[in-house]
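Trainee: just to be clear, the model below is a prediction. Sequence and coordinates:
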Amino acid sequence: MNGSKKIRPVSLKTAQEFVRQHHRHNKPPVGHKFSVGLFENENLLGVAIAGRPVARMLDDGLTLEVTRTCTDGTRNANSMLYGAVVRAATALGYTKCVTYTQHDESGASLRGAGWEIAAQLPARAGWDAPSRNRKDIGSADTARTRWERKCSP
């Protein structure tokens with residue numbers, strides 16, 4: 001770990017509120033499997049929210065998606081959070097973690113935590129469909145990159 005910074009579990013409510021206050025383009029996800037926070041003493045520096053994969057084709061019961069990370073800008077905080085999620089996922093028996101970045105984001109935090117690009121995805125008009133009504137969460141009309149990290153015991 002980095003100095004006095006510590007990873008600790010946080011409630012979904014705490015993680016959602018942090019995302020609401022600090023995330024530059026996305027809203028908080030509505031559910032999770034678990035969330036973690038990066039703390040320095042009692043000061044929350046960032047959060048990661050992990051849940052079922054949003055893409056049905058990836059939801060095989062052994063894949064976990066990091067649906068949101070958000071930090072206050074603390075150096076290396078995002079990489080620490082991504083690493084913590086992979087360690088927790090491995091301990092829980094998951095075989096793979098996935099997450100997405102917007103096409104214009106560098107992914108430096110993901111590369112720093114050992115993640116690799118799995119796919120480049122084109123922009124789509126939104127997630128709404130006649131069979132399932134969806135509200136925009138801030139990612140419509142944006143090309144994305146899917147990243148993956150294998151979990152290994």
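Mentor: Received it, and whenever you're ready, just let me know what you need. Bear in mind the structure is a predicted one, so any value in this text is a computation, not a measurement.
Trainee: average pLDDT for stretch 59-78?
Mentor: Stretch 59-78 carries an average pLDDT of 95.
Trainee: which positions in that stretch come out as buried?
Mentor: 63-71, 76-78 (16 or more other CB atoms under 10 Å). Where you see a C-beta, it was placed from the backbone N, CA and C, and this is true even at glycine.
Trainee: mind listing the helices for this structure?
Mentor: 12-22, 77-91, 108-112 (DSSP state H).
Trainee: thinking again about what came up before, so which pair among the buried residues of stretch 59-78 is furthest apart in space?
Mentor: 63 and 76 (25.6 Å; CB to CB).
Trainee: low-confidence ranges, the protein, go.
Mentor: 1-3, 24-26, 28, 126-129, 132, 134-140 (pLDDT under 70).
Trainee: find the centremost residue of it, please.
Mentor: residue 66 (2.9 Å; CA atoms, centre = their mean).
Trainee: picking up where we left off before, any idea which of the helices of the chain is most buried?
Mentor: helix 77-91 (a mean of 21; mean count of other CB atoms under 10 Å).
Trainee: sorry, back to before: quick one: which of the helices of the chain is nearest residue 48?
Mentor: helix 77-91 (3.9 Å).
Trainee: packing partners of that closest one?
Mentor: strand 5-10, strand 34-40, strand 43-51, strand 63-71, strand 96-102, helix 108-112 (3 or more CB pairs under 8 Å, 6 or more residues apart in numbering; DSSP states H and E).
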